[in-house]
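J.: From the sequence below, what's the structure:
(one chain, ligands or ions: 1)
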Amino acid sequence: MKIIVIGCGYVGLATGTGFAEMGNEVVCVDKNIEKINMLNNGGMPLYEPGLQELVDRNMSNGRLKFVDKMTVDNVDIVICAVGTPTGKNGQTDLTDIFEVAHLVGKNINGDVVFVMKSTVPVGTTLQCKRIIQDEVFVRGKDFNVQVVSNPEFLRQGVAVKDTLTPDRIVVGVEDDKSKKIMKTLYGSLERIGKPLVFMSIESAELTKYAANAFLSMKISFINEMADLCDSNGANIREVAEGIGLDRRIGSRFLHAGIGYGGSCLGKDNKSLISQAKKFNKNLDILSAVELRNKKQKEIILNKLERHLGNLNGKVIGILGLSFKPKTDDLRNAPSRNIVEKLLNMGATIKVYDPISGDNFMQFYNSADLIKVSGMYDSAKEADALVVLTEWDEFRNPDFDKIKSLMKGTLLIDGRNIYDPALVKEVGLKYSGIGIN
Ligand SMILES: NC(=O)c1ccc[n+]([C@@H]2O[C@H](COP(=O)([O-])OP(=O)(O)OC[C@H]3O[C@@H](n4cnc5c(N)ncnc54)[C@H](O)[C@@H]3O)[C@@H](O)[C@H]2O)c1
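T.: The predicted model follows:
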């Protein structure tokens, strides 16, 4: 099939490349010319394991192209994958989405199937249909415009795998014609057993928000239990195992930590809460989930103050900055919040991240924030060492070496990746999230 993907961010790039890999002819469009130039020169504007190789292969066999202006000629499908950030009062800012709908209406040269892959509030995909139809009408044309909601569930860090072998594909359609086209698009995945679930457009739009709401609820639930463990002596790892083996609960997403970040969970929860408000509905559970997550981001600072007292002049080593491992994404990363507060408190901070250190430093201009080039450099002269992101390379360190480099003895394990006994054995003080 001939496909246009609009937006070359984490989703658009993985999706477009994935469809090219499956044998389609794909043109990816982005209005960010620097990004397009970089891609056309063999570069990669974001860090996503395995993506570079896939892009290189599909560019060299001619199935994948990058352009900065949309030309819609004889294409089967136009996929919208632009960003939907948080706007006023938690509502979704749909500026880029509507810009794309207008562009599509102005540029198409025949019938179009417009597939919404961006996460958008219920009703937006049909709003885009009306915008495209109006633009077509103004041009005096009579093209058939069909829209589809096909929300994306990929996880950054494993986006290539999730694109080529997703758990399921959710597709909201308005008629059999678009259903048939989407069945062709995803046929190769359906034939290897990946469930292709058809539903109404509204249900598909809501499914994406409901999935993120549920996942964040699981995270906030275990974080709240971990907070209790910190006071009552229970161990959250043991509790999580004990409940996770109940198949009604399941063990995944039951890892206590410093709260969720990234560009999706928080933004989508806020959007869903504001969507519900329009119908005078309060999403009480989701509001509590968000509140817990906000509190969770304070936990590291509380622990540091509890153990070290006034943080003015203290040296804190930070391991990991991206909102999760295997991505360079710093959007809503807990590290941002924590580092900003530490700077305000007068601490000196030595940060290390395998990928996102340079990007992180662009946000700040302070002599008290130092980027170092390895985990042991972070530990040097530190009063406390704090793990914020569970990159693999932090998992099995030489604790003796860490102890000998540090000035103090406090190790805060914000992602519960260490065995407390091993840490304590060398004379370090261990503090996890719900594990002591
Ligand atoms: N990042 C994720 O893990 C993830 C997962 C599932 C769903 N989503 C959803 O997918 C959507 C995209 O997310 P993302 O993280 O890829 O965003 P992103 O910010 O990384 O990328 C968006 C891209 O769209 C481009 N763009 C904006 N307006 C444009 C226009 N008019 N024409 C061409 N290009 C334009 C931007 O320049 C940018 O490169 C969002 O709705 C998000 O909620 C994201």
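J.: Neighbours of residue 102, how many?
T.: When neighbours are defined as other C-beta atoms under 10 Å, residue 102 has 14 of them. For every residue, glycine as well, the C-beta is placed using N, CA and C.
J.: what about it, distance to the ligand?
T.: Applying C-beta to the nearest ligand atom, to the nearest Å, the value for residue 102 to the ligand is 9 Å.
J.: That residue: what secondary structure?
T.: Using DSSP: H, G, I helix; E, B strand; the rest coil, the structure places residue 102 in helix.
J.: Please read off the pLDDT at it from the model.
T.: Note on residue 102: pLDDT of 97.
J.: And residue 70, by the same measure?
T.: You'll see residue 70 listed with a pLDDT of 85.
J.: now swap in the one 5 residues further on and tell me
T.: On pLDDT, residue 75 comes in at 91.
J.: Does it lie in a helix or a strand, and which?
T.: Element membership for residue 75 (DSSP states H and E) is empty, with no helix or strand holding it.
J.: How about it, nearest residue that isn't a chain neighbour?
T.: Nearest non-adjacent residue to residue 75, counting by C-beta to C-beta, 6 or more residues apart in numbering: residue 2, 4.6 Å away.
J.: interface residues of this structure facing the ligand?
T.: Applying C-beta under 6 Å from any ligand atom, we find that the chain lies next to the ligand at 6-12, 29-32, 35, 81-84, 96, 99-100, 118-119, 152, 154, 156, 263-264.
J.: ok, of those residues, which come out buried?
T.: Buried residues within the residues of the chain next to the ligand, defined by neighbour count using 16 or more other C-beta atoms under 10 Å: 6-12, 29-31, 35, 81-84, 96, 100, 118-119, 152, 154, 156, 263-264.
J.: So which of the residues of the chain next to the ligand sit within helices?
T.: Residues of these located in helices (DSSP state H): 10, 11, 12, 35, 96, 99, 100.
J.: Pick out the most distant pair among those residues.
T.: Greatest spacing in those, by C-beta to C-beta: 10 and 99 (19.2 Å).
J.: Leaving out chain neighbours, which residue sits closest to residue 202?
T.: residue 122 (5.1 Å).
J.: which SS state does that neighbour fall under?
T.: Using three-state DSSP, the structure places residue 122 in coil.
J.: for the residue of the stretch 151-300 of the chain found nearest the ligand, what are its contacts?
T.: Relative to the ligand, the nearest point of the stretch 151-300 of the chain is residue 152 (4.0 Å; C-beta to the nearest ligand atom). Residue 152 is in contact with 11, 15, 81, 117, 118, 119, 208, counting by C-beta atoms under 8 Å, 6 or more residues apart in numbering.
J.: again with residue 319
T.: Residues near residue 319 by C-beta under 8 Å, 6+ apart: 352, 353, 375, 378, 385, 386, 387, 388, 389, 391, 394.
J.: So what's the residue count around the residue lying closest to residue 38 once chain neighbours are set aside?
T.: Setting aside the residues directly before and after it, residue 38 is nearest to residue 45 in space (C-beta to C-beta, 6+ apart), at 5.3 Å. By the criterion of other C-beta under 10 Å, residue 45 has 17 neighbours.
J.: need the contact list for residue 45.
T.: 8, 13, 34, 35, 38, 39.
J.: just residue 166 next, same as before
T.: Residues in contact with residue 166 (C-beta under 8 Å, 6+ apart) are 153, 154, 189, 194.
J.: Put together CSV for the residues you listed, with distance to residue 136 and pLDDT on each row.
T.: What follows is the contacts of residue 166, written out as CSV (distance: C-beta to C-beta, whole Å; pLDDT from 0 to 100):
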residue, distance to residue 136, pLDDT
153, 31, 98
154, 31, 98
189, 31, 97
194, 34, 98
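J.: quick one, phi/psi of residue 86?
T.: Torsion angles at residue 86 (phi, psi; degrees, to the nearest 10) stand at phi -70, psi 130.
J.: any idea how far residue 9 is from it?
T.: When distance is defined by C-beta to C-beta, to the nearest Å, residue 86 is 16 Å away from residue 9.
J.: out of the contacts of residue 166, which are buried?
T.: Buried among those (16+ other C-beta under 10 Å): 153, 154, 189.
J.: on that earlier part again, so who does the residue nearest to residue 75 touch?
T.: Listed by C-beta under 8 Å, 6+ apart, the contact set of residue 2 reads 24, 25, 74, 75, 76, 77.
J.: Just list whatever residues bridge to it.
T.: Beta-bridge partners of residue 2, counted by DSSP bridges, are residue 25.
J.: Next, work out how far apart it and residue 190 are.
T.: Residue 2 is 20 Å from residue 190, where distance means C-beta to C-beta.
J.: can you give me the mean pLDDT across stretch 219-239?
T.: Average pLDDT, stretch 219-239: 97.
J.: Give the buried residues for that stretch.
T.: Buried residues in stretch 219-239, defined by neighbour count with 16+ other C-beta under 10 Å: 219-227, 229-230, 234-237, 239.
J.: OK, now which residue of the stretch 301-436 of the chain is nearest to the ligand?
T.: For the stretch 301-436 of the chain, C-beta to the nearest ligand atom, closest residue to the ligand: residue 329, 7.2 Å.
J.: Am I right that that residue is in a helix?
T.: No. Applying three-state DSSP, one finds residue 329 to be coil, outside a helix.
J.: and it, backbone torsions?
T.: Main-chain torsions, residue 329, degrees, to the nearest 10: phi -70, psi 130.
J.: count of neighbours near it?
T.: 24.
J.: Would you agree it is in contact with residue 264?
T.: No. Assessed by C-beta atoms under 8 Å, residue 329 is found out of contact with residue 264, at 9.9 Å.
J.: Quick check: the farthest pair among the contacts of residue 45?
T.: Of all pairs in these, the most separated under C-beta to C-beta is 13 and 34 at 14.3 Å.
J.: Comparing those two, which shows the higher neighbour count?
T.: Shown here are residue 13 and residue 34; by other C-beta under 10 Å, residue 13 has more neighbours (28 against 11).
J.: For residue 38, see how far away the more buried one is.
T.: Separation of residue 13 from residue 38 (C-beta to C-beta): 11 Å.
J.: same check, this time on residue 351
T.: In this structure, residue 351 and residue 38 are 26 Å apart, going by C-beta to C-beta.
J.: dump the residue contacts of residue 390.
T.: Counting by C-beta under 8 Å, 6+ apart, residue 390 makes contact with 257, 320, 324, 325, 415, 417.
J.: Report the two of those separated the most.
T.: By the measure C-beta to C-beta, 324 and 417 form the most distant pair in the contacts of residue 390, at 12.7 Å.
J.: list the contacts for the closest residue to residue 233 other than its chain neighbours?
T.: Closest residue in space to residue 233, ignoring its immediate chain neighbours: residue 436 at 7.9 Å, by C-beta to C-beta, 6+ apart. By C-beta under 8 Å, 6+ apart, the contact set of residue 436 is 230, 233, 420, 430.
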